[in-house]
Each structure stands twice: as C-alpha cells, then as structure tokens.
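Novice: Sequence unavailable; structure follows:
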C-alpha cells in the first residue's frame, strides 16, 4: 500500500514511518511539504497515494493561543489542502485530531459521539480541520488522540526530565486528566484503521485515565528518580486553558478489533524501546 505521511518530521510522523514496514511510504516533512501552500493539494495528488495520513499540525497549545491565525492556517486550512490532494488522488485520508476539541466539562471519558466544544485556539483550529476535511472528501477517518509522547522530540516526558535536571523540585497540576498515548502504539492503530475502509470518527488513545501529576510521577519513577519531589497544584500559569477532564474512550475502533493498551503498558513499552535513554 502506498502511504503518504505529512508532518513526517514530527514525533507521530516519525513513529508512522518506523512502524509502516512492508508499505511503500512517502514521508513529507515541513521542508518537503508546507501544507499552508496552495500547491500542497497537487503535490499530494501527484504522489498517487492509496492512503494519506495527515500529521502536519501546530501542536504548541500556548503558541496557538498567541497566534491563532497561524494555528488555523496550518491545522484547518492546511488540513483542507491535504484532503483536497487525497480527493484528487482518490486516496483514503486519516486526519489526526485531538482531545482538545472538547471542553473537559463532562467529567467522564469522551465518546466519539459527544459534541465537541473547544475552549482554546488549538482545539478550535483542530476542530475546524475536522470539519473542513470531511466537507471536501468522503473517504475520511478522523482519529482523535491525546497526550502524545514518542521516541525523540519534545513532549511532556522530555520536559519533565529536563526540568527535573534543572530544579530541586517541580509543581505539577493534579486536576487536569487525560489519556497518555505512546506514538508507536498510535501509529500501529492508525495503520490498522486505514486498512478497514470503515470511515468515520475514532478515538485512539492510551486506555485509562491519569492526571498530569500522576503521569509526571510515573515518568520520574521509571527514570530512577523515585525520591525527586513534585508538588501537586491546582493551576499553572499559561496562555491557553486546557480541558480539565478529557480522557478519550476508545469505543468505535474497538468494535473493529483495534485497541490500545492501558497507558501504563504503553509507557513501559516506550521505556523498553529506549525512550528514556537520551533524555
């Protein structure tokens, strides 16, 4: 199967390239494809893909709050350009989205059938990307995920370990809940989903729920820093307000036999594959 991966220089894109053995993969990082460009549509179509997986996105949540125009240019209009390219090629499209399309007020894990209601620019731009892509192409998978971390790159894991090396203790919010997701596990699930032809909206995230504080403690313990002190706090000053409780329930994909392990198992797999070795 010929698969075009956009945003291939990000942590999820790199995981997809690693995990897509046996497929004919075309990896397009930012230097190869700027999704904001009007030429992105034809560039994707000219590659004659059978499947396009769009990982190209601005995921800096606070940065999106500071510059919403750029967030919408990439996460919404850029996603539409990729979808138009997939449509011209007659290819299936997987549009990667986020738990941030929800407001976090539900107080139980979100189903695929819950109504989105973003509370920050990042979430709003990703929801617009969902809407624009489904408006221009019918052979679509929307795959929402959460709290991604992978081998290499910058993420919550790398930030916690970097800050722990610089400071005598850390303060971590204990009232923000979600579903940590190992990029390799998500990549496997996306590739499996793309082969089903069962178009629609799916939640693919590490199974279970934890707080940012719990996740930070898990990271430090696996790094051998079991005595390192972290203090739970109610809030942390930042530009964007995250959803307080936005775990994703993996319901629809499970009916197709596609499941992600509990987030703790995913993190152990991350460690086993050297995820902490270069931190």
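Specialist: Okay, I see it. Everything numeric in this text was worked out from a predicted model, so none of it was measured.

Novice: Show me where the chain has its helices.
Specialist: Applying DSSP state H to the chain gives helices spanning 11-19, 40-46, 61-66, 68-72, 79-89, 121-136, 156-166, 183-194, 212-222, 263-272.

Novice: The third one packs against which elements?
Specialist: For helix 61-66, the helices and strands in contact under the criterion 3 or more Cβ pairs under 8 Å, 6 or more residues apart in numbering; DSSP states H and E are helix 68-72, helix 121-136. C-beta: built from backbone N, CA, C; applies to glycine.

Novice: Show me what the last one packs onto, helices and strands only.
Specialist: Pointing back at helix 121-136 there. Checking 3+ Cβ pairs under 8 Å, 6+ apart, helix 121-136 ends up next to helix 61-66, helix 68-72, helix 79-89, strand 92-98, strand 140-145.

Novice: Next, give phi and psi for the residue nearest to residue 56 when sequence neighbours are not counted.
Specialist: Counting by Cβ to Cβ, 6 or more residues apart in numbering, residue 56 lies nearest to residue 7, which is 3.4 Å off, once chain neighbours are set aside. For residue 7, the backbone dihedrals are phi 70, psi 30 (criterion: degrees, to the nearest 10).

Novice: check contacts around residue 7.
Specialist: Residue 7 makes contact with 13, 28, 29, 30, 35, 54, 55, 56, 57, according to Cβ atoms under 8 Å, 6 or more residues apart in numbering.

Novice: Please repeat the previous calculation with a cut-off of 6 Å.
Specialist: By Cβ atoms under 6 Å, 6 or more residues apart in numbering, the contact set of residue 7 is 13, 55, 56.

Novice: which of the residues in stretch 255-264 are buried?
Specialist: 258, 260, 263, 264 (16 or more other Cβ atoms under 10 Å).

Novice: Using a markdown table, lay out those together with pLDDT and distance to residue 93.
Specialist: Shown next, in a markdown table, are these (pLDDT from 0 to 100; distance: Cβ to Cβ, whole Å):
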| residue | pLDDT | distance to residue 93 |
| --- | --- | --- |
| 258 | 98 | 17 |
| 260 | 97 | 21 |
| 263 | 98 | 27 |
| 264 | 98 | 32 |
